[in-house]
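K.L.:
Give me a 3D structure for the following:
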Amino acid sequence: MPGPLDFAKHLNAGFWPHARRVYLRLRRDLHLNLWFPHVVLAVAVALLGVLKILPEIPRVAGMHLFGGGAVQSAALMHSVVHGLPAIVLGLFLIIMAIGMLLRSKLAWVIVILILAANLIFGILSSAASSRALLVFDVILLIATLVSYRSFRRSSLAAGTLFAVTSILLLLVYAVFGSFELGADFKPPITDLATALYFSVVTMTTVGYGDITPQTVEAKLFVVSFIVLAVAIFAVSLGAILVPVINGRLASLLKPGGRKMQRSNHFVIVGDSALGNNTCRELQARHEPVTFIYPHETAPGDPNRDVVVGKPNDLEVLRKAGAVQAKAVLALSENDDQNAFVVLAMHELAPEVKTVVLVRNPDNLANMRRVRPDLIFSPQLLGGELLAMALSGEQISTENLLGQLLQYRA
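P.N.:
Just a heads-up that it's a prediction; the model follows:
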């Protein structure tokens, strides 16, 4: 299988290589990996939440125009109850938008479920505004589904916060929604206490069957509530338990391992003598280092932060914190693998510095086309030293450094 160095000869020829260079340049200059697409989607989700809330505000605020205490109270109560499901749904979307800003996987899943459930009521509605929101909902749902790779973060604190918030908002949605549609149930739901009872019984899947929906609207409401409840409970348990289980397994499998905050550090790729020596020297200078090994036989050094996986895999690089690293050093014995790492970093985080080792001097010209920030070539240094010594030439430190380290212009 040809490696990237074989294709690098044609990197500067043709339309697609030029377009790729333009894209990578824009990605680097605009820092797309820092805000696209999760920030754009979060803003769109929050906007949808605001659009859900805004139509209900004038209805509730205008209730003071009614005359008569009892009539005013009844009208106000009916208006508040009628608008609460939409208001809760809007608040739900705004809160989940905050989670999407943090690239939370739990927030992404819940937004998908909300958008899907919202389509049910949008299809049933005949209002022009609802149809317009339906189109926006469909576009946002597709864009969110396509961008699933951007939402992979999960933590115990964030998972617990969003899980509790989601369950509380879902309960409010169920209580006031069932109360608003109370006449569509048998027997009718006439008070909030009965609505709370029905919501809790349905949410916990107990289902006594003493209160049942009778109309299409009520049945669809109950279906949406049940689907959201089951999904939110399942996702919430996963978001809370998975980090705990993973942490426990990691501590059992690596009892002597040292946890490190992977940020503003160096990432070294490649199980080579140069890589191991560089790691030791950096640690001796109190620099944080994460080592990526391509196989399971990683050294048992308790002071070394190790990630096992394919070095050119974007997920492995993300796990090693390459996006937040000072530099990524591709120091394996294989020049093709080192080039793959540089190309992967151009796609993942073009602004992070890359250092690459070239073992074969014949690959040096092709390696330059991959555009690392620094090329390290000890073979060229050895040849330069031997030539100077054998010819009696005065050894020049500047020439030696030029041969050993070649910076990108």
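K.L.:
All the strands of this structure, in order from the start?
P.N.:
185-186, 212-213, 266-269, 289-293, 305-308, 327-330, 353-357, 374-376, 405-407 (DSSP state E).
K.L.:
Now do the contacts for Ile292.
P.N.:
By C-beta atoms under 8 Å, 6 or more residues apart in numbering, the contact set of Ile292 is Val267, Ile268, Val269, Gly270, Val306, Val307, Val308, Gly309, Pro311, Val316, Leu317, Ala320. For glycine as for every other residue, the C-beta is placed from the backbone atoms N, C-alpha and C.
K.L.:
wait, the fourth one sits on Asn338?
P.N.:
Spelled out, it's Gly270. Yes - if you go by C-beta atoms under 8 Å, Gly270 and Asn338 touch, sitting 7.2 Å apart.
K.L.:
When these two are compared, which one has more neighbours?
P.N.:
Between Gly270 and Asn338, counted using other C-beta atoms under 10 Å, the more crowded position is Asn338 (33 against 24).
K.L.:
domains of this protein?
P.N.:
Following automatic domain parsing, the chain resolves into domains at 23-253, 266-376.
K.L.:
which one of the ones you listed has the lowest average pLDDT?
P.N.:
Sorting the domains of the chain by mean pLDDT places domain 23-253 lowest, at a mean of 75.
K.L.:
would you list the strands of the chain in TSV and tack on distance to Leu192?
P.N.:
Below are these laid out as TSV (distance: least, C-beta to C-beta, whole Å):
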stretch	distance to Leu192
strand 185-186	14
strand 212-213	18
strand 266-269	56
strand 289-293	54
strand 305-308	52
strand 327-330	58
strand 353-357	60
strand 374-376	67
strand 405-407	70
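K.L.:
So for Leu170, which of the ones you listed sits nearest?
P.N.:
Judged by C-beta to C-beta, the one of the strands of the chain that comes nearest to Leu170 is strand 212-213, at 17.5 Å.
K.L.:
which other residues reach the closest one?
P.N.:
Counting by C-beta under 8 Å, 6+ apart, Leu181, Asp184, Phe185, Lys186, Lys219, Phe221, Val222 sit against strand 212-213.
K.L.:
ok, Phe266 - how many residues close by?
P.N.:
Neighbours of Phe266 (other C-beta under 10 Å): 20.
K.L.:
that older thread, now, among the contacts of strand 212-213, which is nearest to Ser199?
P.N.:
Taking these together and measuring to Ser199 by C-beta to C-beta, the closest member is Val222, at 10.0 Å.
K.L.:
measure the residue lying closest to the closest one once chain neighbours are set aside to Pro187 for me?
P.N.:
Residue nearest to Val222 in three dimensions, not counting chain neighbours: Pro213, with 5.0 Å by C-beta to C-beta, 6 or more residues apart in numbering. Relative to Pro187, Pro213 is positioned 12 Å away (C-beta to C-beta, to the nearest Å).
K.L.:
what do you get for Val22?
P.N.:
For Val22 relative to Pro187 (C-beta to C-beta), the value is 67 Å.
K.L.:
which residues are common contacts for Gly270 and Asn338?
P.N.:
Ala330, Leu331, Ser332, Leu357.
K.L.:
correct me, but Val342 touches Leu357?
P.N.:
No - in this structure, Val342 is not within contact of Leu357 by C-beta under 8 Å, at 10.8 Å.
K.L.:
Of the domains of the chain, flag the one that's most buried.
P.N.:
Among the domains of the chain, judged by mean count of other C-beta atoms under 10 Å, the one packed with the most neighbours on average is domain 266-376 (a mean of 19).
K.L.:
And the helices in the stretch 151-300 of the chain?
P.N.:
In the stretch 151-300 of the chain, the helices defined using DSSP state H, counting those that start in this stretch lie at 156-180, 192-203, 216-253, 273-284.
K.L.:
The stretch 301-409 of the chain: helices as residue ranges?
P.N.:
Per DSSP H, counting those that start in this stretch, the stretch 301-409 of the chain carries helices over the ranges 314-319, 335-348, 364-369, 378-391, 397-404.
K.L.:
Need the shared contacts of Gly270 and Asn338 in CSV (columns: distance to Gly275).
P.N.:
As requested, the shared contacts of Gly270 and Asn338 are exported to CSV (distance: C-beta to C-beta, whole Å):
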residue, distance to Gly275
Ala330, 9
Leu331, 4
Ser332, 7
Leu357, 8
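K.L.:
Many thanks, we can stop here.
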